[in-house]
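**Q** I would like to see how this sequence folds:
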Amino acid sequence: MKRSILLFLIFLLLVQIGCIAGVRYSPDEIKDFPPAIQERIRDGEVVTGMTLQQVRYAWGEPTYVNVLPPAEGGKYSEEWVYTKMLVFKTRLIFVDGKLTEIITNEPGVMRSETRRAQ
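**A** The predicted model follows:
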């Protein structure tokens, strides 16, 4: 009985954490983005071409950020890493403030078709 109650309380805690992390922006904050980007943000999707802020609105804060050596032409580049359940990792590479590459081992993050931000 105690184990069931403990599992239930852990479940409730996880649900609460998920709800808190779910709201990352207000509609007013994304209203000036192109409609296709607004839709991606609402759907929690990221695509190459998105800005740092657009990705933050779509996925929230990364687990950690690495500053990378300058990209071609000396452009600033960084890597955002998102981890889930200590097993899945998605790396987002930004060059000059734009998402240029998505590298992941998480099922469902990458779709079979290549999509770019509009």
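**Q** Provide a list of residues in contact with residue 94.
**A** Applying Cβ atoms under 8 Å, 6 or more residues apart in numbering to residue 94 gives the contacts 52, 55, 77, 78, 79, 80, 100. For glycine as for every other residue, the C-beta is placed from the backbone atoms N, C-alpha and C.
**Q** Pull the number of nearby residues for residue 63.
**A** Look at residue 63: counted by other Cβ atoms under 10 Å, it has 11 neighbours.
**Q** Helices of the chain, start to end?
**A** 2-22, 27-30, 35-43, 52-59 (DSSP state H).
**Q** quick revisit: just give me the closest of the contacts of residue 94 to residue 10.
**A** Closest approach between the contacts of residue 94 and residue 10, by Cβ to Cβ: residue 80, at 28.7 Å.
**Q** Excluding chain neighbours, what is closest to that closest one?
**A** With sequence-adjacent residues excluded and distances taken as Cβ to Cβ, 6 or more residues apart in numbering, residue 80 is closest to residue 62, at 3.8 Å.
**Q** Tell me who's in contact with the one you found.
**A** Residues near residue 62 by Cβ under 8 Å, 6+ apart: 80, 81, 82, 92.
**Q** Kindly give a single ChimeraX line that selects the buried subset of the residues you listed.
**A** Of those, the buried ones go into a single ChimeraX selection, burial set by 16 or more other Cβ atoms under 10 Å:
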select :80,82,92
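**Q** tell me, what residue is most central in the chain?
**A** residue 59 (2.9 Å; Cα atoms, centre = their mean).
**Q** Residue 80 versus that residue, what's the distance?
**A** Using Cβ to Cβ, to the nearest Å, one gets 9 Å for the distance from residue 59 to residue 80.
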